[in-house]
Structures are given as C-alpha cells and as structure tokens.
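J.: coords please:
(one chain, ligands or ions: 2)
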Amino acid sequence: MDRPREIEADGNSNPIQISRLALDIGGSLIKLVYFSRDSGDHEDPLNDSVRISNGVNGRLHFAKFETTNINDCLQFISANKLFFGGFQHQENPTNDRSFIKATGGGAYKFSDLFKEKLGISLEKEDEMDCLVTGANFLLKAVNHEAFTYLNGQKEFVQIDHNDLYPYLLVNIGSGVSMIKVDGDGKFERVSGTSVGGGTFWGLGKLLTKCQSFDELLELSQRGNNRVIDMLVGDIYGGMDYSKIGLSSTAIASSFGRAISNSNELHDYKPEDVSRSLLRMISNNIGQISYLNALRFGLKRIFFGGFFTRGHSYTMDTISVAVHFWSKGEAKAMFLRHEGFLGALGAFMSYERHSLGDLMVNQSVQIPVDASSSTDTNYNPPERDLNETESMQCSVYQA
Ligand SMILES: Nc1ncnc2c1ncn2[C@@H]1O[C@H](COP(=O)(O)OP(=O)(O)O)[C@@H](O)[C@H]1O
Ligand SMILES: CC(C)(COP(=O)(O)O)[C@@H](O)C(=O)NCCC(=O)O
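T.: Ligands and ions are numbered 1, 2, ... in the order given. Now for the predicted structure:
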C-alpha cells in the first residue's frame, strides 16, 4: 500500500504536526479524535516505550462538542487546522478533494455543512462497525481501560486478549444500542432502547429547567430519589417483601410517589427529580442489558457512550442492576474513553486507506487544549478522563 500523502499547510515545506482527524457526530454530541505527530524536539532516545522504530510517534487527542453547537466544532477544526490531516483519495490523487472519516447520523445530516464551511467531504463509516472497532481497540491496546464500579469502588479489569469474546457492548448515547461482539468486525446489534442519554437530558431539562447536562448531573448528586420514588416499603407498610427478594427500600415504582399527593412539579426539588430520573434510566438500561446478556449467555457487559460520563451514581446504579438481576453472574464494566468508541472506530478505518496499524505504547494523562472542552462549570465527582486526556501512541504505516 502506498504511504499516505502528507497534506501540507499553506505550502509550507514542513509537514504539519496534526494529522488524521475522525469524527462521530451523534444526536447529542460530536466527538473528535485526532493524531498529532511528535515534533521530534522532545524525543528521548532512551525512552523505548515512546520511541518505536518504523512507527510515527505521537499523541491521540480527544475532544467533544454539543451537536447543537456544531459551528463551534467547525471553528475548532478550522482554527487548529485539523482538517489538513484529511486523506486524499488514493484512487484519484489528482483530485485534491480531501476527506475526513466520519460516523454517526450527523455524518449524513451535516455532510453539506462540512463541504460548505470547510470544503471537506465526510467519508461515512457505519456507526455500529465503528463502535465495535473502537471498543475492541481500547480493550486490547490501552492499559487500565475497563473497570468495574460497585459501592463506590473502582477496580480496573485485566483484559485477557485470548478470552475477550464474546461480550455485550452497550452504547448509551442519545439512544441505546446493544451489540453482541464475537471478534474483530464480527458482531450483531441484538437490541436497543430509545430510553437513553437523550431521555435523561431531555426530560431532565424539561422537569428541572436546568441549562446544561452537567448542571443536571450535578443536581442529581445532591438529590434524594426517595422523595419521588415509591418504595416497596411505601406499599408494604414499611416491610420487606422478602418472599420475592425485595427489601423495603427497593424502588417499587419510579416517580410513583408523585401520584399520591397533590404536589405539583414546583413542589419537588430539581435535585430530587434529577436523581430519580437518573436512577430510573440507569436502572432500566442495566436491566435490559442483563436480559440481552442472558439471551446469549454473555457474562461480560461493557458500557460505552457519553451518558455515563464517569459519574459514580450512574455507574453504581447500572452495576447494581446487572448484579441484582443476574444474581452476581454477569459483570458490568465501564470504559475510560466511554464516549469515543465510534470516533476511534472511524479513526481506525483510515487503515483501509493506508494506515497500517495503531499502537498505544503508553497511556498518559495530559490536558488537551482548553478549547477542546465544551464543559465549563462541571466538577465531576470522579475526574472526567475524557475531558483531559490524550494518549501516547504510534501509527505504523503499511
Ligand atoms: N456535555 C454534554 N452535553 C450533552 N449531553 C451530554 C454531555 N455529556 C454527556 N452527555 C450525555 O451523553 C449523551 C450523548 O452520548 P453520546 O455517546 O455522545 O451519544 P450521541 O452519539 O447520540 O451524541 C447525551 O444524551 C447525554 O445524556
Ligand atoms: C439510532 C441510534 C443508533 C443513533 O445512535 P446515537 O446517536 O444515539 O449514539 C441510537 O439512538 C439507538 O440505537 N436508538 C435506539 C433505537 C431502538 O433500538 O429502539
């Protein structure tokens, strides 16, 4: 395969440092993954983990924007000259039309906008394909990518490359896709639900009037769902229903308390509403995931998508649901780069055009440019790794 042609900025003889950008344009968020080459100035010849012969060393960067703010994203790409890293078509190198790999519904919806504003074509990659490629890549190549989260305890999972498949990938984006993964490129989307991250954000916005997703998430941390949820004990006079395994504190009916008095929405605290909503949706997704894992005899469930956002209450609720329904048989696992599976998959698809292989030789946490973060006022309980991380890696040219 031919080496990909470097596209040079402004006719400058030095190749630009940013190369290869891929996008996942979803219903709620646009995710960007791009590779920047090491300049060579800071290379340490003694550091073998960074310097790998024949590979192009550099860093993978992650950034995201709200889809409703797509113009900010276009501006970011343009200001940082990320699109010069697009490929030129190998079949017709005289055609100087470069393209960016893109996945998600927005790759179709905003195709004309990218053409008009940046003069760039979006080369579409299938969303499910990209999610699976991204998940497999992260699970195999990145240390400390997957972890369990139960009772506030995060535990990294050692992935055995020879015993990774089959697993269930549950991507909680605006909606939810459940994919049975049997190998590289071998998968089947077995289920889905429209009650997902968009539901939490959309309903939460209507019910609490909050202005950002982070505000809604932050509210949930201070809330008490028992104010609104009807518990088993509310129905059973404070007693457990032990015969069917339900304790008095288990939720019998999400939001069920709201029917039993004359309260209006404004009588409830937004934080309590947010907490009940988050719990209801997380619990529901955990339960449907388990049922699908059961359908196919899968023991491992990996959760991706930006709904979880490394948020402890969300992950805890999902884990408890999977644990409870499977009686401890199935395991819920989360990914540090949860929201970037699709974008990573699209990035990896350049491979088919000439990029040989991508190797992550160490995973480090270094802040990306502040401009790449759209979230301003949010202090997550857990550090939000997706906001501030890039990883050292090598791209091997075929
Ligand atoms: N800053 C944010 N703004 C909006 N939604 C966010 C944000 N961070 C996390 N989310 C949640 O993540 C969901 C989108 O997840 P994502 O995996 O990006 O899906 P999609 O591809 O559909 O955009 C949203 O519906 C919302 O629940
Ligand atoms: C249509 C989608 C694949 C789009 O992906 P998203 O932007 O939500 O990440 C997803 O929203 C979905 O799987 N929705 C659930 C549809 C259903 O199975 O009922």
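J.: use CA for all of it now, contacts and neighbours both
T.: Noted.
J.: how many other residues sit next to Gln287?
T.: 21 (other Cα atoms under 10 Å).
J.: what is the strand or helix carrying it packed up against?
T.: Assigning secondary structure by DSSP states H and E places Gln287 in helix 270-295. Helices and strands in packing contact with helix 270-295 are listed as helix 197-208, helix 213-222, strand 300-304, helix 312-326; criterion 3 or more Cα pairs under 8 Å, 6 or more residues apart in numbering; DSSP states H and E.
J.: what residues does the stretch 51-200 of the chain put near ligand 1?
T.: With the criterion set to Cα under 6 Å from any ligand atom, the stretch 51-200 of the chain comes near ligand 1 through 66, 172-174, 197-198, 200.
J.: turn the residues you listed into TSV, including neighbour count, pLDDT and distance to ligand 2.
T.: Converted to TSV, those look like this (neighbours: other Cα atoms under 10 Å; pLDDT from 0 to 100; distance: Cα to the nearest ligand atom, whole Å):
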residue	neighbour count	pLDDT	distance to ligand 2
Glu66	18	97	12
Ile172	26	98	7
Gly173	24	98	4
Ser174	23	98	4
Gly197	25	98	8
Gly198	18	98	8
Phe200	23	98	12
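J.: out of the helices and strands packed on helix 270-295, which one sits most buried?
T.: Mean neighbour counts were taken over the helices and strands packed on helix 270-295 using mean count of other Cα atoms under 10 Å, and the top value, a mean of 24, falls to strand 300-304.
J.: and that strand, what does it pack against?
T.: Secondary structure elements in contact with strand 300-304, counted by 3+ Cα pairs under 8 Å, 6+ apart, are strand 167-172, helix 270-295, strand 331-335.
J.: among the ones you listed, show me which one is buried the most.
T.: Mean neighbour counts were taken over these using mean count of other Cα under 10 Å, and the top value, a mean of 26, falls to strand 167-172.
J.: backbone dihedrals for Asp112, please?
T.: Main-chain torsions, Asp112, degrees, to the nearest 10: phi -70, psi -40.
J.: can you count the residues close to it?
T.: Counted with other Cα under 10 Å, the neighbours of Asp112 add up to 15.
J.: residue contacts, it?
T.: Under the criterion of Cα atoms under 8 Å, 6 or more residues apart in numbering, the contact list for Asp112 is empty.
J.: quick check: what element follows the helix or strand bottoming out on mean pLDDT in the chain along the chain?
T.: The weakest-scoring helix or strand in the chain, judged by mean pLDDT, DSSP states H and E, is strand 87-88 (a mean of 49). Elements were assigned by DSSP H and E; along the chain past strand 87-88, the next helix or strand is strand 98-103.
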